[in-house]
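# Quick one, what's the 3D model for this:
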Amino acid sequence: MRIRLIVAGALSVLLVAGLPTAQALSSSSDSASNAPWVEQVGTYTYLIAPNYSGLAPISSVLSPNALGLGTFDALDGELMILQGVAYRVGLDGVPRAVSADLTSPFVQAIAFSPDASGPVAPGTTCAALVSAINALAQTDTGVVGVRVRGTFTDLVTRSVPAQTKPYKPLAEVVANQTVFQLGQKRAVLMGFRTGNDLAGTGAPGLHLHGLTADKSAGGHVLSCVAGNDVQLSVQRAAGAQVSSAN
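Residues are numbered from 1 along each chain as shown. Below you'll find the model as predicted:
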């Protein structure tokens with residue numbers, strides 16, 4: 001069952017940690033549009049409960065041109081989805097294609113077909129990308145699919161260790177992250193910019209994971225600096241259809 005809820009703020013109150021049903025959540029400004037929906041399992045609210053138990057298989061959000069991110073059951077590695085293929089980066093920092101049958105407590109994906117694209121000024125940091133994303137998407141609300149690709153002069157990623165119950169808070173887990181200083185790399189960064197009106201569905205603000213062009217490295221993006229050939233592409237979504245275990 002899917003229930004479409006039109007919300008404007010305070011979304012985290014609606015998303016209880018148990019996620020007993022499937023829900024569709026949209027910004028009031030986007031609900032009437034023909035934009036695609038972000039398909040996702042779990043929510044950021046579920047993770048910070050904390051709860052890292054898998055809710056549904058990754059396959060439930062995949063499509064042939066899906067782009068997305070997330071994690072795995074027990075928070076066992078970083079998840080990247082590029083052109084419909086799921087990759088995992090564990091503590092060795094190496095991306096490996098994985099079975100879509102693996103379960104996830106949190107994964108987001110969109111059938112990516114950009115609405116708009118444009119160059120990123122050399123020297124732009126990841127932290128400064130939000131304003132460029134909002135300008136291209138012509139909104140600072142709702143959820144926007146994001147792809148950033150090209151050469152980065154200073155790319156830093158991470159992964160985290162698998163967890164066991166009782167789960168530690170996410171902040172404590174991240175404090176024990178393994179950081180990968182990748183330096184200058186050609187890469188594709190993928191993820192979502194989530195507005196305040198959909199707070200709780202995804203990580204607040206801009207959330208990016210990345211894969212190097214040769215697929216030798218990747219993970220959750222901590223920071224980046226754009227080189228001379230970086231392109232930003234965005235796709236405005238109607239909202240997020242959130243699924244969970246039956």
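# before we move on, what SS does Ser53 have?
coil (DSSP: H, G, I helix; E, B strand; the rest coil).
# Could you count how many residues lie near Trp171?
No, residue 171 isn't Trp; it's Ala. When neighbours are counted by other CB atoms under 10 Å, Ala171 registers 9. Placement of C-beta: from N, CA and C, glycine included.
# er, Thr125 I mean
Thr125 has 11 nearby residues by other CB under 10 Å.
# Ok, Ser117 next?
There are 13 residues near Ser117, going by other CB under 10 Å.
# Counting neighbours, what do you get for Ala86?
There are 26 residues near Ala86, going by other CB under 10 Å.
# my read: it touches Met80, true?
Yes - using CB atoms under 8 Å, Ala86 makes contact with Met80 at a distance of 7.4 Å.
# Mark out where each domain of this protein begins and ends.
Domain assignment for the chain, taken from automatic domain parsing, gives 2-112+239-243, 116-236.
# give me every residue that touches Val61.
Neighbouring residues of Val61 by CB atoms under 8 Å, 6 or more residues apart in numbering: Glu39, Gln40, Val41, Gly68, Ile81, Val107, Gln108, Ala109, Ser243.
# Hmm, I typed the wrong one, I wanted Gly219.
Contacts of Gly219 by CB under 8 Å, 6+ apart are Glu78, Val89, Gly93, Thr157, Arg158, Ser159, Phe180, His209, Gly210.
# ok, and the most crowded of these?
Gly210 (31 neighbours).
# list the contacts for the nearest residue to Ser63 once chain neighbours are set aside?
Distance criterion CB to CB, 6 or more residues apart in numbering; nearest residue to Ser63, sequence neighbours excluded, is Ala111 at 4.5 Å. Each residue near Ala111 by CB under 8 Å, 6+ apart is listed here: Pro36, Ser63, Pro64, Asn65, Ala66.
# next one: Leu182
Applying CB under 8 Å, 6+ apart, the residues contacting Leu182 are Phe152, Leu155, Val156, Thr157, Thr212, Ala217.
# rerun that using 10 Å as the cut-off
93, 152, 154-157, 210, 212, 216-219, 221, 224 (CB atoms under 10 Å, 6 or more residues apart in numbering).
# do Val98 as well
Contacts of Val98 (CB under 10 Å, 6+ apart): Ile58, Phe72, Gly77, Leu79, Val85, Ala86, Tyr87, Arg88.
# Redo the contacts of Leu182 as JSON lines? Include pLDDT, secondary structure and distance to Thr125.
Shown next, in JSON lines, are those (pLDDT from 0 to 100; DSSP: H, G, I helix; E, B strand; the rest coil; distance: CB to CB, whole Å):
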{"residue": "Gly93", "pLDDT": "98", "secondary structure": "coil", "distance to Thr125": "21"}
{"residue": "Phe152", "pLDDT": "98", "secondary structure": "strand", "distance to Thr125": "10"}
{"residue": "Asp154", "pLDDT": "96", "secondary structure": "strand", "distance to Thr125": "9"}
{"residue": "Leu155", "pLDDT": "98", "secondary structure": "strand", "distance to Thr125": "11"}
{"residue": "Val156", "pLDDT": "98", "secondary structure": "strand", "distance to Thr125": "11"}
{"residue": "Thr157", "pLDDT": "98", "secondary structure": "strand", "distance to Thr125": "15"}
{"residue": "Gly210", "pLDDT": "98", "secondary structure": "strand", "distance to Thr125": "14"}
{"residue": "Thr212", "pLDDT": "98", "secondary structure": "strand", "distance to Thr125": "18"}
{"residue": "Ser216", "pLDDT": "98", "secondary structure": "coil", "distance to Thr125": "23"}
{"residue": "Ala217", "pLDDT": "98", "secondary structure": "coil", "distance to Thr125": "19"}
{"residue": "Gly218", "pLDDT": "98", "secondary structure": "strand", "distance to Thr125": "19"}
{"residue": "Gly219", "pLDDT": "98", "secondary structure": "strand", "distance to Thr125": "18"}
{"residue": "Val221", "pLDDT": "98", "secondary structure": "strand", "distance to Thr125": "11"}
{"residue": "Cys224", "pLDDT": "98", "secondary structure": "coil", "distance to Thr125": "7"}
